[in-house]
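Undergrad: I'll drop the sequence and a predicted model, then ask my questions.
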Amino acid sequence: MKVAVIGGGSSYTPELINGFVERVPSFPLSELWLMDVAQERLEVVGGFARRMVAAHGAPFAVHLTTDQRQALAGASYVITQLRVGGMQARRADEYLGKRHGLVGQETTGVGGMSKALRTIPVILRVAGDMRELAPGAPLVNFTNPSGLITEALSRYAAEVPVVGVCNGPVTVKMEMLKALETYRGLRFEPDQAQLDTLGLNHLSWYRGLVADGNDMWPQVLEVYQNENLDPRWDPRTLEVLGMIPCGYLEYYYYTDRKVAAQGQWPPSRAEAVMQVEADLLRSYAEPDRSEPPKDLMKRGGAYYSTVATQLLNAHYNDLGEVHIVNVRHRGAVKGWSEDWVLEMPCRVDGDGIHPLPARPLPPVCFGLLAHVKAYELLTVEASVYGNRDAAYWALLAHPLGPRADRIQPLLDDLLETHRALLPQFWDEL
């Protein structure tokens with residue numbers, strides 16, 4: 001079995017290696033192909049990956065390439081974890097927001113839009129090569145903004161089975177289980193627990209937890225309200241919602257606070273990650289190292305290997321497990337547009353990924369979700385066609401966008417900042 005990783009030079013890749021090594025008995029991987037356009041970085045990360053695999057008895061071969069088509073040819077599964085423009089582009093996105101008095105963040109607001117505009121054409125080319133070279137292979141997308149990128153793939157690469165994945169939901173589930181054990185003395189194994197959530201990637205609400213057949217949500221809410229486990233949320237908000245917001249909703253619920261915090265930059269998050277990655281790459285390059293350094297957790301990828309490899313394992317082995325992923329819901333949420341990509345629980349088996357029926361969110365949540373979904377759809381159109389008017393509309397629709405008379409200056413700034421990475425907006429000028 002061959003698995004291709006597009007963006008294999010990512011600092012997250014060692015996490016992925018661990019996941020595949022742990023699942024060799026049930027997931028018989030024979031070839032792991034790491035592809036990246038940054039050859040020097042690929043050699044460092046890929047060399048470390050090879051030492052990791054060798055230290056575990058070399059159960060599969062690790063191949064390195066800068067040739068996307070070579071990586072994809074004959075693949076059974078494809079994972080995308082790419083970053084168009086690298087961390088420098090992420091930094092530029094953050095400071096773009098800051099310059100205009102807006103949220104500057106990688107996946108939310110104008111930074112997320114900027115990243116999507118330059119990423120969508122690249123990932124659609126991956127899907128195009130897959131249609132030819134790996135027909136029928138599922139594409140598992142970790143590239144941010146994950147939900148928006150998956151939305152684009154579902155509309156413009158419909159022949160490729162695609163699912164968007166994020167480590168956020170499983171991280172939250174683990175935090176809830178730890179809280180129940182710490183504050184209520186209730187211990188459950190992770191595979192005994194199922195989190196109920198609905199929304200978009202980085203715009204979702206957690207609203208249920210069943211553990212070992214028991215409804216634990218009242219206890220979870222009580223702990224979060226009374227123990228102040230997540231100080232981002234005031235207890236009254238949790239009380240009236242009856243849900244716990246995804247952490248990224250802080251940007252919507254407390255926008256002024258988040259914008260004000262940007263006054264303390266540098267370092268922005270990108271600048272902090274640049275330092276973390278520099279340290280990680282130095283560790284990866286150590287010729288005697290065969291285990292990931294502890295600093296990998298600073299990168300922010302907790303449970304990445306669990307999410308990625310267990311999803312593939314569930315599909316390959318027809319396990320019927322429930323995973324929280326981003327897919328078209330296809331009518332699973334009554335009354336919502338069936339072609340929307342949502343982040344929600346789905347059953348994963350050998351036939352694919354099947355959204356589970358879910359009750360709609362209440363108006364207080366749905367209003368914001370619909371607002372952001374409109375922005376996502378407009379951003380997809382803008383990126384695919386290089387349509388500047390659609391990009392303007394997307395900014396006008398976004399709840400975190402600029403006021404109308406500031407949209408054009410911001411859009412001009414965005415397009416000029418990333419001009420070399422956005423040829424679709426410039427080729428016809």
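TA: Sure thing, it's come through.

Undergrad: tell me who's in contact with Glu250.
TA: Listed by CB atoms under 8 Å, 6 or more residues apart in numbering, the contact set of Glu250 reads 232, 257-258. (Glycine included, C-beta is placed from N, CA and C.)

Undergrad: looking at these, which is nearest Asp351?
TA: Arg232 (39.1 Å; CB to CB).

Undergrad: which of the contacts of Glu250 tops the neighbour count?
TA: Greatest neighbour count in these, by other CB atoms under 10 Å, goes to Lys258: 20 neighbours.

Undergrad: can you tell me what sits against the helix or strand hosting it?
TA: Assigned by DSSP states H and E, Lys258 belongs to helix 255-261. Helix 255-261 is contacted from outside by 101-103, 105, 250-251, 400, using CB under 8 Å, 6+ apart.

Undergrad: before we move on, back to that, what is the nearest of the contacts of Glu250 to Met35?
TA: Closest approach between the contacts of Glu250 and Met35, by CB to CB: Lys258, at 35.4 Å.

Undergrad: what about Gly136, how many residues nearby?
TA: Burial of Gly136 is recorded as 10 neighbouring residues (other CB under 10 Å).

Undergrad: which SS class is it?
TA: Under DSSP: H, G, I helix; E, B strand; the rest coil, Gly136 falls in the coil class.

Undergrad: so how far is His315 from the residue nearest to it when sequence neighbours are not counted?
TA: Distances taken as CB to CB, 6 or more residues apart in numbering place Pro161 nearest to Gly136, at 7.2 Å, with adjacent residues excluded. Distance, Pro161 to His315, by CB to CB, to the nearest Å: 9 Å.

Undergrad: compare the two (neighbour count), which wins?
TA: His315 (24 against 18).

Undergrad: you'd agree the more buried one is up against Asp349?
TA: Yes. Counting by CB atoms under 8 Å, Asp349 is a contact partner of His315 at 7.2 Å.

Undergrad: what sits in contact with each of these two?
TA: By CB under 8 Å, 6+ apart, no residue touches both His315 and Asp349.

Undergrad: still on that earlier bit, give me the common contacts of Pro161 and His315.
TA: Counting by CB under 8 Å, 6+ apart, the residues touching both Pro161 and His315 are 138, 352-353.

Undergrad: can I get the buried part of the contacts of helix 255-261 as one ChimeraX selection?
TA: Selection of buried members from the contacts of helix 255-261 for ChimeraX, criterion 16 or more other CB atoms under 10 Å:
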select :102,103,105,250,251,400
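
Undergrad: picking that back up, for the helix holding Lys258, buried residues please.
TA: Counting neighbours by 16+ other CB under 10 Å, one finds that the buried residues in helix 255-261 are 258-259.

Undergrad: quick one: contacts of stretch 354-365?
TA: 196, 198-199, 205, 241, 243, 322, 327-330, 332-336, 342, 344-348, 366, 369.

Undergrad: what about it, how long is it end to end?
TA: 24 Å (CA to CA, to the nearest Å).

Undergrad: can you give me the mean pLDDT across it?
TA: For stretch 354-365, mean pLDDT is 98.

Undergrad: then stretch 145-160?
TA: 98.

Undergrad: circling back to that earlier point, ok, of the contacts of stretch 354-365, which come out buried?
TA: 196, 198-199, 205, 241, 243, 322, 327-329, 332-333, 336, 342, 344-348, 366, 369.

Undergrad: in helices, which of those residues appear?
TA: Judged by DSSP state H, these include 241, 366, 369 as members of helices.

Undergrad: now do the SS call for Leu377.
TA: helix.

Undergrad: let me see the ranges of the helices in the stretch 1-150 of the chain.
TA: 13-22, 39-55, 68-72, 86-99, 109-133, 146-156 (DSSP state H, counting those that start in this stretch).

Undergrad: flag every buried residue along the longest one.
TA: Which is helix 109-133. Quick answer for helix 109-133 (16+ other CB under 10 Å): 109-124, 126-127, 129-130, 133.

Undergrad: and if you look at the shortest one?
TA: The neighbour-count check on helix 68-72 (16+ other CB under 10 Å) flags 68, 71-72 as buried.

Undergrad: could you dump the residues you listed into a markdown table with distance to Leu148 added?
TA: A markdown table is the format used below for these (distance: CB to CB, whole Å):
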| residue | distance to Leu148 |
| --- | --- |
| Gln68 | 22 |
| Ala71 | 24 |
| Leu72 | 23 |
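
Undergrad: ok, the residue nearest to Gly136 touching Val348?
TA: No. Taking contacts as CB under 8 Å, Pro161 lies outside contact range of Val348: 11.6 Å.

Undergrad: distance check, the residue nearest to Gly136 against Ile353.
TA: In terms of CB to CB, Pro161 sits 8 Å off from Ile353.

Undergrad: make a ChimeraX selection of whichever of the shared contacts of Pro161 and His315 turn out to be buried.
TA: The ChimeraX selection below is limited to those of these classed as buried (16+ other CB under 10 Å):
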select :138,353
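
Undergrad: turn the shared contacts of Pro161 and His315 into JSON lines, including distance to Thr80.
TA: Shown next, in JSON lines, are the shared contacts of Pro161 and His315 (distance: CB to CB, whole Å):
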{"residue": "Pro138", "distance to Thr80": "11"}
{"residue": "Gly352", "distance to Thr80": "18"}
{"residue": "Ile353", "distance to Thr80": "16"}
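
Undergrad: between the shared contacts of Pro161 and His315, which is nearest Tyr95?
TA: Taking the shared contacts of Pro161 and His315 together and measuring to Tyr95 by CB to CB, the closest member is Pro138, at 36.1 Å.

Undergrad: what's near enough to touch the nearest residue to the closest one once chain neighbours are set aside?
TA: Of all residues not flanking Pro138 in the chain, Pro161 sits nearest, at 4.4 Å (CB to CB, 6+ apart). Neighbour list for Pro161: 136-139, 352-353 [criterion: CB under 8 Å, 6+ apart].

Undergrad: the buried ones among the contacts of stretch 354-365 in strands, which ones?
TA: Judged by DSSP state E, the buried ones among the contacts of stretch 354-365 include 196, 198-199, 205, 322, 327-328, 342, 344-348 as members of strands.

Undergrad: most widely separated two among those residues?
TA: Trp205 and Val348, at 22.2 Å, using CB to CB across these.

Undergrad: give me the below-cutoff pLDDT ranges for the stretch 251-400 of the chain.
TA: For the stretch 251-400 of the chain, applying pLDDT under 70 flags the ranges 300-301.
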